[in-house]
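Novice: model the structure of this input:
(one chain, ligands or ions: 1)
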Amino acid sequence: MRGFTDAIGGGRAFPAPSPPPKGTVSVTLTENRRAARHRRALGYWAVLLSLALSLWVGSQVVPHDWVHRPALFVHLASVIVGLGSAVLLEMSGLLWMLRRTHLDDLRRVERTVSGLAWLGIAGLLFSGAFLQPDLTNPLTDLKMLAVLVAAMNGVAMTRLTDELKRLPPRVRFSMLPGRLRLWCVWSAVVSQAGWWTAVLIGMLNTASG
Ligand code: HEM
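Specialist: Next up is the predicted model:
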């Protein structure tokens, strides 16, 4: 056990912390987990309701040209911000897996870009509502499913980042339990698949319309 702790701590010696009062740690951990679960549940609902609202507005509003063009500009700018953030985050994860960086670096990137990714998604939902999405087109439906998957996965990933926060800053990817490794890879694959599907279908639809 000592060997494992030394290894994931990057060989650094940590002074033994004085033990907290009995029961305090587990109670705080349980409370933190419950609060995080509550925040995630709110996040899932917020995503679902925002997409529904965006699609409802999109089906009601026939925008003038002077609204449509700026909306398309905001849409494309939001794609750059959202997709860029997702690629940067998953790239940092890949570098950590390949032992080119430390978990600490990945956490720093995550703290910086996660807000930007949500800004991108919010911009896409807002601007998309003024671009007249055609929900009778199966490709557009598939795109909306991809948007939903990417956004829901973004909320679910907060649980993974909470788990990673509890690990030593220099822990190697290969030292994690198999379940946690699979979770990291799965989250990254789902995120990239969702984003790229939405981008490709958006471009295809614009090109064919
Ligand atoms: C992850 C989220 C999204 C991504 C990555 C994305 C990406 C794109 C891209 C790349 C285009 C092509 C623009 C061009 O070539 O000029 C586009 C167009 C469009 N987007 Fe999105 N979009 C997203 C979400 C949405 C949402 C939520 C809506 C509607 C509520 C929407 C509605 C549209 C519409 C109506 C167009 C015009 C072409 C079409 O009919 O599909 N998009 N999108």
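Novice: who's in contact with Leu53?
Specialist: 125, 129 (Cβ atoms under 8 Å, 6 or more residues apart in numbering). (Glycine included, C-beta is placed from N, CA and C.)
Novice: okay, and it sits in which element?
Specialist: Assigned by DSSP states H and E, Leu53 belongs to helix 24-60.
Novice: which elements pack onto the next helix or strand after that helix?
Specialist: Later in the chain than helix 24-60, the nearest helix or strand by DSSP H and E is helix 65-97. Here helix 65-97 touches helix 103-128, helix 178-208, going by 3 or more Cβ pairs under 8 Å, 6 or more residues apart in numbering; DSSP states H and E.
Novice: would you mind listing the buried residues in the helix or strand that the shortest one is followed by?
Specialist: The one in question is helix 103-128. For helix 103-128, the succeeding helix or strand toward the C-terminus, using DSSP H and E, is helix 138-165. Using 16 or more other Cβ atoms under 10 Å as the test for burial, helix 138-165 gives 140, 143-144, 146-157, 159-160, 164.
Novice: the residues you listed also near the ligand: which ones?
Specialist: For the ligand, the contacts drawn from the buried residues of helix 138-165 by Cβ under 6 Å from any ligand atom are 140, 147, 150.
Novice: if we take those, which one ends up nearest to the ligand?
Specialist: Checking these against the ligand with Cβ to the nearest ligand atom, the nearest one is Val147 at 4.2 Å.
Novice: surely that closest one meets Ala198?
Specialist: Yes: using Cβ atoms under 8 Å, Val147 is in contact with Ala198, at 5.2 Å.
Novice: ok, back up a step: centre of the chain versus the helix holding Leu53, how much separation?
Specialist: Distance of helix 24-60 from the chain centroid (Cα atoms, centre = their mean, to the nearest Å) equals 13 Å.
Novice: Val27 is nearest to which of the helices and strands packed on helix 65-97?
Specialist: helix 178-208 (24.2 Å; Cβ to Cβ).
Novice: tell me if that closest one is near the ligand.
Specialist: Yes: judged by Cβ under 6 Å from any ligand atom, helix 178-208 and the ligand are in contact via 195, 198-199, 202-203, 205-206.
Novice: which of the residues in that helix are buried?
Specialist: 183-184, 187-188, 190-192, 194-195, 197-198, 201-202, 205.
Novice: with pLDDT added, can I get the residues you listed in TSV?
Specialist: Output for the buried residues of helix 178-208, formatted as TSV (pLDDT from 0 to 100):
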residue	pLDDT
Trp183	98
Cys184	98
Ser187	98
Ala188	98
Val190	98
Ser191	98
Gln192	98
Gly194	98
Trp195	98
Thr197	98
Ala198	98
Ile201	98
Gly202	97
Asn205	94
